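Student: Predicted model follows, preceded by the sequence.
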Amino acid sequence: MAGDNDRTASNKNSSAASSGESPGWAPPAELDVEIALARVGGQMDLLKEIAVLFLDDLPRSLGEIHAAFGRGDAKQVEHAAHSLKGSVCNFGAAGVVAAAAELERRGRAGDISNAGELIETIERRLGALGRELRAL
């Protein structure tokens, strides 16, 4: 498992360097490998398989959120955010889960007028999670 952490740290440092961030700085991890493996009984192959399925479905999930937000459909934003939250929970991605939960809450309250920035945050965090999942 230490090798996995080293590879993740290396990927983060490369990402930070390519984004103009100072070398040595790394954004916090989205993926919690320990939690994710616990959810699949410690089977790395199964985790990788679930990650591929998640990544394949991600454009559709984000598309639903964007479409609902564009229509001003708070109920559908709530539903799509709830679904996304459940999916990312499998990977122990607490940051994405928290952001999706907030979007879900706003949808439930019928107040999505200022949700654009939150959706951007979700997308940014999902990008990081995707990179980490692909590196498994």
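Tutor: Alright, I've got the coordinates.

Student: Could you use CA atoms for every contact and neighbour count after this?
Tutor: OK.

Student: dump the residue contacts of Arg131.
Tutor: Counting by CA atoms under 8 Å, 6 or more residues apart in numbering, Arg131 makes contact with nothing.

Student: Where does it fall, secondary structure wise?
Tutor: Following DSSP states H and E, one finds Arg131 within helix 116-134.

Student: List the buried residues in that helix.
Tutor: Across helix 116-134, burial judged by 16 or more other CA atoms under 10 Å covers 119, 121-122, 125-126, 128-133.

Student: can I get the CA coordinates of it in PDB?
Tutor: Presented in PDB, the C-alpha positions along helix 116-134 are these (Å, rounded to 0.1, in the frame of the first residue of the first chain):
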ATOM      1  CA  GLY A 116     -22.900  27.200 -10.600                       C
ATOM      2  CA  GLU A 117     -19.700  27.700  -8.600                       C
ATOM      3  CA  LEU A 118     -20.600  24.700  -6.500                       C
ATOM      4  CA  ILE A 119     -21.000  22.600  -9.700                       C
ATOM      5  CA  GLU A 120     -17.600  23.800 -10.800                       C
ATOM      6  CA  THR A 121     -16.100  22.800  -7.500                       C
ATOM      7  CA  ILE A 122     -17.700  19.300  -7.900                       C
ATOM      8  CA  GLU A 123     -16.200  19.000 -11.400                       C
ATOM      9  CA  ARG A 124     -12.800  20.100 -10.300                       C
ATOM     10  CA  ARG A 125     -12.800  17.600  -7.400                       C
ATOM     11  CA  LEU A 126     -14.100  14.900  -9.700                       C
ATOM     12  CA  GLY A 127     -11.300  15.600 -12.100                       C
ATOM     13  CA  ALA A 128      -8.800  14.900  -9.300                       C
ATOM     14  CA  LEU A 129     -10.700  11.800  -8.300                       C
ATOM     15  CA  GLY A 130     -10.700  10.600 -11.900                       C
ATOM     16  CA  ARG A 131      -6.900  11.000 -12.200                       C
ATOM     17  CA  GLU A 132      -6.400   9.100  -8.900                       C
ATOM     18  CA  LEU A 133      -8.700   6.300 -10.000                       C
ATOM     19  CA  ARG A 134      -6.900   6.000 -13.300                       C
END
